[in-house]
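Model the following, please.
(one chain, ligands or ions: 2)
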Amino acid sequence: MTTDDHDCCTPNREVSGAASVPRADVPTTEHAGGHSGGHTLEQAEVPAQQFQMGDADGAGNPGDGETPVHAVSLDAFSMDVTTVTNADFATFVGDTGYRTESERFGYSAVFHLALKAELDDILGQPPQTPWWLGVRGANWAHPAGPQSSLDGLEQHPVVQVSWNDAQAYCAWAGRRLPTEAEWECAARGGLTGRRYPWGDEWEEGRRCNIWQGRFPAVNTLADGWLTTAPVREFTPNGYGLWQSVGNVWEWCADWWAEDYYASSPGQNPAGPAMGGQRVMRGGSYLCHDSYCNRYRNSARASNTADSAAGNVGFRTVALT
Ligand SMILES: [Ca+2]
Ligand SMILES: [Ca+2]
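Ligands and ions are numbered 1, 2, ... in the order given. Predicted structure coming up:
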């Protein structure tokens, strides 16, 4: 079965936490400085082009709005070949003293099998997605809970970062989040109408980091990873992008709207003018063929801008 909403992908902040946890101040980008020298990720050059955006093979979930397939023209852009790593994010935090939203709220969402915390630290458990736990002390530096650390994870994607946190990083780096259209164009790697960044073939455990086994209790680890993999595992696509599908969801700049493709502009679409949630793309280590097949080029999901979880990160593009 597949789910009709996005709750399986990541819980939102209000659902995963306890009602007793106070709201945090919304962080600002007061540290904006355009210190692009601090952002050193290798770049993929995506040429100006018209591409076919959307689900061409009917694999999409009802309600995700992956259709109609439509032509989109984009200007050229430069994009990080990987998601921002823990080492990258540590440079940003070291330079600015920025505190992420999970630190300000005091908790974040951790997948149950990854938990490294006392039971007392579990503040909430969404009834619809009980594999997510709201965990006190979980944040980017302690992604699985207060007893976890980043030791050995320097080249893994930063996680437990909200859309607002990603914006703050971009402001510091002098960069921006990709639009949803840019993200899909880059993920397609120059191929047309394919399901995955490499084509249509599937080789279990060989192509990307998702879930194998019986979700959410049994993971055979056929691809080697229960949670995040290093950002340069598997094979990059035709533009040199690593792991656009699988590993971690990636925040995009756009507001979310299920029906956006029916009316989106054909030239450099930047999403609806307003909304309640932000777009995420690419799926994560929790995706599974039988439950949440959103590890595809055209798959779409969303969450509130203050939400964070252990399977959501981001990559950036250059300002033009
Ligand atoms: Ca895996
Ligand atoms: Ca990804």
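
List the contacts of D80.
Neighbouring residues of D80 by C-beta atoms under 8 Å, 6 or more residues apart in numbering: L41, E42, Q43, A44, R315, T316, V317. Using the backbone N, CA and C atoms, a C-beta is placed for each residue, glycine as well.

bridging residues for it?
Q43 (DSSP bridges).

of all the contacts of D80, which comes closest to ligand 1?
The closest of the contacts of D80 to ligand 1 turns out to be R315 (C-beta to the ion; 19.4 Å).

does the closest one really touch T85, like I thought?
No - using C-beta atoms under 8 Å, R315 is not in contact with T85; the gap is 10.2 Å.

Looking at the two, which has the bigger crowd around it?
R315 (30 against 22; other C-beta atoms under 10 Å).

Of the contacts of D80, which pair is most distant in space?
Greatest spatial distance in those: E42 and V317, 13.1 Å, computed using C-beta to C-beta.

Have a look at these two and say which one is more surrounded.
Taking neighbours as other C-beta under 10 Å, E42 and V317 compare with V317 leading, 22 against 10.

which residues in the stretch 151-300 of the chain form helices?
If DSSP state H, counting those that start in this stretch is used as the criterion, the helices of the stretch 151-300 of the chain fall at 163-173, 180-188.

R206 is nearest to which of those?
helix 180-188 (17.9 Å).

That closest one - contacts with which helices or strands?
On a contact count with 3 or more C-beta pairs under 8 Å, 6 or more residues apart in numbering; DSSP states H and E, helix 180-188 meets strand 43-46, strand 49-53, strand 70-74, strand 77-80, strand 249-255, strand 278-281.

got the angle for it vs strand 249-255?
Interaxial angle, helix 180-188 versus strand 249-255 (axes from the mean of the first three to the mean of the last three C-alpha atoms, to 10 degrees): 150 degrees.

What residues sit buried inside helix 180-188?
E180, A181, E182, W183, E184, C185, A186, A187, R188 (16 or more other C-beta atoms under 10 Å).

Near ligand 2, list only the ones from those.
Taking C-beta under 5 Å from the ion as the test, ligand 2 is in contact with none of the buried residues of helix 180-188.

Contacts only, for the residue of the stretch 151-300 of the chain found nearest ligand 2.
Using C-beta to the ion, the closest approach of the stretch 151-300 of the chain to ligand 2 is made by G282 at 3.6 Å. Contacts for G282 (C-beta under 8 Å, 6+ apart) come out as 183, 187, 243-250, 294-295, 299.

And A76, by the same measure?
Applying C-beta under 8 Å, 6+ apart, the residues near A76 are E45, V46, P47, A48.

repeat that with 7 Å
V46, P47, A48 (C-beta atoms under 7 Å, 6 or more residues apart in numbering).

Any residues of this structure in contact with ligand 2? List them.
Going by C-beta under 5 Å from the ion, the residues of the chain near ligand 2 are Q243, N247, G282.
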